[in-house]
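Asks: I would like the atomic coordinates for the input below:
(one chain, ligands or ions: 2)
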Amino acid sequence: MTFKLAIVGRPNVGKSTLFNRLVGKRLALVDDQPGVTRDLREGAARLGDLRFTVIDTAGLEEATDESLQGRMRRLTERAVDEADICLFIIDAREGIVGGDQFFAEILRKRARHVILAANKAEGRAGEGGFYDAYSLGLGEPVQLSAEHGEGMEDLYRRLQELR
Ligand code: GDP
Ligand code: MG
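Replies: Ligands and ions are numbered 1, 2, ... in the order given. Sure thing, here's the model as predicted:
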């Protein structure tokens, strides 16, 4: 049985870095699919023996006429509604900021399952942010370093439990 995982969170927390790590070069041809635009990137992901579809909420960085908040909400809600599991990423080095609460609220209302992840957790700079993350009330965070590939076994176990 396969599933769909949406990677959600504010800009710059490392969503695309994790997406690229999970997908490698197996990027799906999403541009040809109706209703899938380039601001939701979809790929075929692999983690251990798990095979699943991963959605990256890209497009938040591009300037358009629509307000950033409006765009973030629209994109995130679309990703959340499509997904079986949401991976909500915060930046462990920055801790919880207002922007994170915005996403947490969307997830609490709409997501079937949420895995909270504190990314950029390599070294010790991420410890504060990791403990902060409990305050979101979304359960125990997984410590990740998308850039260095740390915490992937923990992420595997959490996906394994939920799928
Ligand atoms: P997105 O906007 O959420 O998609 O974030 P990106 O994946 O584009 O990453 C934003 C920045 O954070 C980039 O400079 C990445 O290299 C950096 N980054 C991503 N993951 C990590 C990590 O695990 N540790 C550190 N230190 N930096 C990271
Ligand atoms: Mg990105």
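Asks: Grab the nearest non-local neighbour of residue 56.
Replies: Spatial nearest neighbour of residue 56, excluding adjacent residues (C-beta to C-beta, 6 or more residues apart in numbering): residue 19 at 3.9 Å. All C-beta spots, glycine's among them, are computed from the backbone N, C-alpha and C.
Asks: ok, the residue of the chain most remote from its centre to residue 78 distance?
Replies: In the chain, residue 65 marks the outermost C-alpha relative to the chain mean, sitting 24.9 Å out by C-alpha atoms, centre = their mean. Using C-beta to C-beta, to the nearest Å, we find residue 65 at a distance of 19 Å from residue 78.
Asks: Spell out which residues of this structure are next to ligand 2.
Replies: 15, 16, 58 (C-beta under 5 Å from the ion).
Asks: Can you convert those into TSV and add a column each for neighbour count?
Replies: As requested, those are exported to TSV (neighbours: other C-beta atoms under 10 Å):
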residue	neighbour count
15	26
16	17
58	18
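Asks: Which members of those residues occur in helices, if any?
Replies: Among the residues of the chain next to ligand 2, DSSP state H puts 15, 16 in helices.
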